[in-house]
Structures are given as structure tokens and as C-alpha cells.
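In: please work out how this folds:
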Amino acid sequence: MARKADNMPIVSKIFCSSMPVLLVVRIRPPVVNGGGFVVTDCSQKTLFKVDDCGMVGAKGELILRDGNGEALLRIRRKGGMLEAVSIHRKWKAFSFNYDGSEKLIFSLKEPNLVCPTDSNIKISVEPRISNKEWDFEISGSFPNRTCSIIDHKGDNIAQVGVEEQLPPSKDIYNVMTKPGADQAFVFGVIAILDYIYGESTRC
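Out: Alright, predicted model coming up:
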């Protein structure tokens, strides 16, 4: 049984719950409303939206919004020559300050396909919360909808699972966030995983 997570805001404490929360992700068809996905709770209230790169206007760029449409995170993939010579492709997620400037919240390294022993996806937050080279990692398979976000202590803070339905579909799936987990952080990470594996947010 997983230990109770500490209440640890990464984006904001308003996105942390003291209870486990089951959320549903619904993929938006590109031809209807621009792609990306919507996150709802059990009462079908929209909590988060993710705009794909087509809506944002730049390849390798995503925006996480709250249920009211306010931008929470701007997420960018590192580009240019640095990406070409780097073993890892890195993503960076920024929040928006009141003066319009951006603040780095977390960075994520894509899996290393050259070295299979280093294939786990690693995530570092700002400020750092562990003495390791990373603060969180992805365990399991996102394309199969069987993965978890694990913290540096080995605790599972969020579990991605396929929504039970007939016929099976990857267009609707659930995410269970554990007590204390920052849901905005969780779905910022899921937005990047969605893009990496060429799903709803990728153009």
C-alpha cells in the first residue's frame, strides 16, 4: 500500500487535494476543436485543458490551462543545435508571473533510445526537492495507458489507467492522483508524454 504523499505543491497548492482523486482524460478530435485533451472530474466538471501545438502556433510547444481557460503552464521542447547533439531531448514547463514573465517549474528528459539501460523518463522540479539527479520518474508504458509518476522516495503520486469501456479506446482514460499530489504538475507531465508518443497534442 502506497504511503500518503506529502502536500507538495509544484505549480500551486490549490491543485493539491488531501484525498485521492479520480480524473478522466478525453482526447479532443483535431478536426473538431483543435486537438489536445480535456480533464474532468467524476461530475464531468472540466478542471484542465491542454492545447496542442497547432492551437498554440509553434511545434514542440503546449499550454496547460485550468477549467476556466486561464494558462497555467507553457511547455516547450528544447530545440536548435543543442537538441541535435544531445542524447536526451529536454522539455521545460514555465508558469506565468503577474508581470507576464515566465518562471521555470520543471524539466523533463525524454527516454534515451541510444542506451536502453537509461530509458526511464526523468523529471526535475524547481526548486529541487531531492539529492538525486531527478525528482520524479515515469514507470510503465504511457502508450498502453499503464504508467505511474513516481517520486524520488519511490512513492506513486499518480497512476494512468485505461477507462473500462467497450470497445476499448485510448481516447478516454483515467488518472488517479494520490493525496498531496499537484494535479496541474501531473497533467503538465502527461501533456508531454502525449506529445512524445505522437498522440493528441502532436502536430
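In: what sits against Phe106?
Out: Phe106 is in contact with Ile10, Lys92, Ala93, Ile123, Ser124, Val125, Glu126, Asp135, Phe185, Gly188, Val189, counting by C-beta atoms under 8 Å, 6 or more residues apart in numbering. No exception for glycine: its C-beta is placed from N, CA and C like everyone else's.
In: and if we set it to 7 Å?
Out: Ile10, Ala93, Ile123, Ser124, Val125, Glu126, Phe185 (C-beta atoms under 7 Å, 6 or more residues apart in numbering).
In: my read: the first one touches Leu104, true?
Out: No. At 11.4 Å, Ile10 and Leu104 do not qualify as touching, with contact defined as C-beta atoms under 7 Å.
In: between these two, which is the more surrounded one?
Out: Ile10 (25 against 13; other C-beta atoms under 10 Å).
In: quick check: the more buried one vs Thr40, distance?
Out: Using C-beta to C-beta, to the nearest Å, Ile10 is found at 22 Å from Thr40.
In: just Glu102 next, same as before
Out: Taken as C-beta to C-beta, the span from Glu102 to Thr40 is 28 Å.
In: of the contacts of Phe106, closest to Leu22?
Out: Lowest distance from Leu22 to these (C-beta to C-beta) belongs to Phe185, with 17.3 Å.
In: next SSE after the helix or strand bottoming out on mean pLDDT in the chain?
Out: When each helix and strand of the chain is scored by mean pLDDT, DSSP states H and E, helix 81-85 comes last, with a mean of 45. On the C-terminal side of helix 81-85, the closest following helix or strand by DSSP states H and E is strand 90-96.
In: after that following strand, next one along is what?
Out: Counting by DSSP H and E, what follows strand 90-96 is strand 102-109.
In: now the element after that following strand, going C-ward?
Out: strand 121-125.
In: which other residues reach that following strand?
Out: 10, 105-111, 134-138, 189.
In: let's see it at 8 Å
Out: 10, 105-111, 133-138, 149, 185, 189, 193.
In: how distant is it from the center of its chain?
Out: 11 Å (C-alpha atoms, centre = their mean, to the nearest Å).
In: so it versus strand 102-109, what angle?
Out: 160 degrees (axes from the mean of the first three to the mean of the last three C-alpha atoms, to 10 degrees).
In: dump strand 121-125 to CSV, restricted to CA.
Out: The C-alpha trace of strand 121-125 is given here as CSV (Å, rounded to 0.1, in the frame of the first residue of the first chain):
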residue,chain,number,x,y,z
ILE,A,121,11.8,9.4,-18.3
LYS,A,122,13.2,11.7,-15.6
ILE,A,123,11.7,14.9,-14.2
SER,A,124,13.4,17.6,-12.2
VAL,A,125,11.4,20.4,-10.5
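In: can you give me the helices for the chain?
Out: 30-33, 53-56, 81-85, 183-196 (DSSP state H).
In: which of the ones you listed comes out lowest on mean pLDDT?
Out: Comparing mean pLDDT over the helices of the chain, the weakest stretch is helix 81-85, at a mean of 45.
In: dump the residue contacts of the residue nearest the centre of the chain.
Out: For the chain, Val189 is the residue whose C-alpha lies nearest the centre (C-alpha atoms, centre = their mean; 1.7 Å). Listed by C-beta under 8 Å, 6+ apart, the contact partners of Val189 are Phe106, Leu108, Ile123, Phe136, Ile138, Ile149.
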